[in-house]
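[1] predicted model, plus sequence, below.
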Amino acid sequence: MKIKVDVIGDVHGCYNTLCQLFEKLGYQKQKKIFVHPDGRIPIFLGDITDRGPESMKVIQLVYALVHIHQVAAYVPGNHCNKLYRYFLGNNVKIQHGLETTVAEFKALSPDVQHTIRTQFMELYEQADLYLQLPKVNAIIAHAGIKESLIGKKDKKTETFVLYGDITGKFDEAGKPIRRDWAKHYHGADWIVYGHTPVLEPRFINQTVNIDTGCVFGNALTAFRLPEESIVSVPSSLPFVPEKFRSFPNH
């Protein structure tokens, strides 16, 4: 059976914009979730929380879609990993966006806190590190994946799909310096990823970065397969131009 998917870029707590994107993609709201009349499957590309205004609502919606109704899929991002470690009780630094999620979480009643913590941990623990979707010739990974790692699930692969091709070095602004792995990709499958905010979806070889920086005031983007089409909705948040990465033309 043919499947049709809508891969959704980094939501980062932008619940209202996510709802607008679902509507633009043709989904209909039913019992607090979104369902497509043609049975399309939304796939969340990780980093569903942090920085944005409504991370709790996004967790509840994604959990309902993926686990309760089983009409969506999700792979984790680095922000998801950090929130998971926070919920485990690990000593993580409450910064780089996690502080907004923690503040929102702590404002809830203990009962609701317990529910959301349980939902998120189940979502994270049961998620594949990345998804291989042969029916649409695609691999879905939060920060991408290079060819030599496809099929692997070891620690090196986990670091790559969560953080990208990191060098361990930092630029003057303190941002991690990452190699441009996509420029060296020569596979036949699409690799759909996010993690690094770009002003427009970045197509290079058979890869596309769809993190168009919704939480930084640009847009929330979906990549539809097998159509290979882009659908975006504008963000309602203030635009923060310094958060976007530009790549040299190849």
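    Yes, it's here.

[2] do I have it right that Arg178 meets Gly168?
    No: in this structure, Arg178 is not within contact of Gly168 by CB atoms under 8 Å, at 10.2 Å. Any C-beta I mention is one placed from the backbone N, CA and C, and that applies to glycine too.

[3] elements contacting the one helix or strand Gln60 maps to?
    Gln60 is located in helix 55-63, with elements delineated by DSSP states H and E. The contact analysis (3 or more CB pairs under 8 Å, 6 or more residues apart in numbering; DSSP states H and E) places helix 55-63 against helix 15-24, helix 98-106, helix 110-125.

[4] show residues contacting the helix or strand following the first one.
    Going back to what we said before, that points to helix 15-24. Counting by DSSP H and E, the element after helix 15-24 in chain order, helix or strand, is strand 28-30. Contacts with strand 28-30, where a contact means CB atoms under 8 Å, 6 or more residues apart in numbering, come from Cys19, Phe22, Phe34, Val35, His36, Pro37.

[5] how far away is Val71 from Pro201?
    Val71 sits 24 Å away from Pro201 when distances are taken as CB to CB, to the nearest Å.

[6] try Gln126
    When CB to CB is the yardstick, Gln126 and Pro201 sit 29 Å from each other.

[7] got it, and Asn78?
    If you go by CB to CB, the gap between Asn78 and Pro201 works out to 20 Å.

[8] does His142 really touch Ile43, like I thought?
    No: taking contacts as CB under 8 Å, His142 lies outside contact range of Ile43: 11.2 Å.

[9] tell me which of these two has more neighbours.
    His142 (28 against 21; other CB atoms under 10 Å).

[10] what secondary structure does that one sit in?
    Classification of His142 into helix, strand or coil gives coil, according to DSSP: H, G, I helix; E, B strand; the rest coil.

[11] run the chain-centre distance for stretch 61-78.
    11 Å (CA atoms, centre = their mean, to the nearest Å).

[12] tell me the buried residues in that stretch?
    Neighbour counts using 16 or more other CB atoms under 10 Å place 61-66, 71-78 of stretch 61-78 among the buried residues.

[13] again with stretch 37-49
    Arg40, Ile41, Pro42, Ile43, Phe44, Leu45, Gly46, Asp47, Ile48, Thr49.

[14] next: stretch 194-208.
    By neighbour count, with 16+ other CB under 10 Å as the criterion, the buried positions of stretch 194-208 are Gly194, His195, Thr196, Pro197, Val198, Pro201, Arg202, Gln206, Thr207, Val208.

[15] of those residues, closest to Val240?
    Distance from Val240 was checked for each of the buried residues of stretch 194-208 by CB to CB. The minimum falls on Pro197, at 9.1 Å.

[16] list the contacts for the closest residue to the closest one other than its chain neighbours?
    Using CB to CB, 6 or more residues apart in numbering and skipping residues adjacent in sequence, the residue nearest Pro197 is Gly213, 3.5 Å away. Contact analysis of Gly213 by CB under 8 Å, 6+ apart lists Asp10, Pro197, Val198, Leu199, Ala219, Ser235, Val240, Lys243, Phe244.

[17] okay then, goodbye and thanks.
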